[in-house]
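Student: here's a sequence, model it:
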Amino acid sequence: MIVRQLKLSEAEDSSRKIVSPDGNWESTRLLLKGDNMGFSFHITTIYAGANFRMHYKHHLESVYCISGSGEVETIADNRVYTISPGTLYVLDKHDEHVLRAHSEMKMACVFNPPLSGKEVHNDEGAYELGAEGLEA
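Tutor: You can find the predicted model right below:
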């Protein structure tokens, strides 16, 4: 069993917090590849006004909106889905998508395979496999 007593505010002030180079988001990675669970768990903040394209070619992701509002658009069919507190969306087919934040959004995210901890999006909006990690 893994039990950690770590307030989100404390984790956000540690090396577990990664800020995107493009200024769209920050992600506090609470459970990582080194925890050997087969997935990683993050609390991610999408900054108000963010509008960016992603394509997780190597990862599946599920996202639950805790607070804020925005939308996600799937590129394959140009469908736009409203995001508000309580919305869950799942990128189960490596869906290429655009995420837009109307206000700051706090999201709980799960990745499979798990992230190592320091990943940021590459030029295609994906995370690379085998990136340098943080300690579990």
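Student: please make it C-alpha for all contacts and neighbour counts, starting now.
Tutor: Noted.
Student: model confidence for E128, exactly?
Tutor: On pLDDT, E128 comes in at 66.
Student: low-confidence stretches in this structure?
Tutor: For the chain, residues meeting the criterion pLDDT under 70 lie at 120-122, 124-126, 128-136.
Student: all strands of it, in order?
Tutor: 17-19, 25-31, 40-46, 51-55, 60-67, 70-74, 79-83, 88-91, 96-101, 105-112 (DSSP state E).
Student: direction included, what does the fourth one pair against?
Tutor: For strand 51-55, sheet partners with direction are given as strand 96-101 (antiparallel), following DSSP bridges.
Student: contact partners for E61?
Tutor: E61 sits next to 90-92, 109-112 when contact means CA atoms under 8 Å, 6 or more residues apart in numbering.
Student: any idea which of those is closest to D22?
Tutor: Closest approach to D22 among the contacts of E61 (CA to CA): C109, at 19.3 Å.
Student: how much space between the nearest residue to that closest one once chain neighbours are set aside and K93?
Tutor: Excluding the flanking residues, the one nearest C109 by CA to CA, 6 or more residues apart in numbering is V63, at 4.6 Å. In this structure, V63 and K93 are 14 Å apart, going by CA to CA, to the nearest Å.
Student: G117: neighbour count?
Tutor: G117 has 26 neighbours, counted by other CA atoms under 10 Å.
Student: ah, wrong one, I meant S9
Tutor: Counted with other CA under 10 Å, S9 comes out at 9.
Student: and L6, how many neighbours does it have?
Tutor: 10.
Student: I83 versus that one, what's the distance?
Tutor: When CA to CA is the yardstick, L6 and I83 sit 28 Å from each other.
Student: what do you get for T28?
Tutor: 20 Å.
Student: what about stretch 104-117, distance to the chain center?
Tutor: 4 Å (CA atoms, centre = their mean, to the nearest Å).
Student: who touches it?
Tutor: 16, 29, 32-34, 38-49, 58-70, 129-134.
Student: shouldn't E26 be in contact with S20?
Tutor: Yes - counting by CA atoms under 8 Å, E26 touches S20, with 6.0 Å between them.
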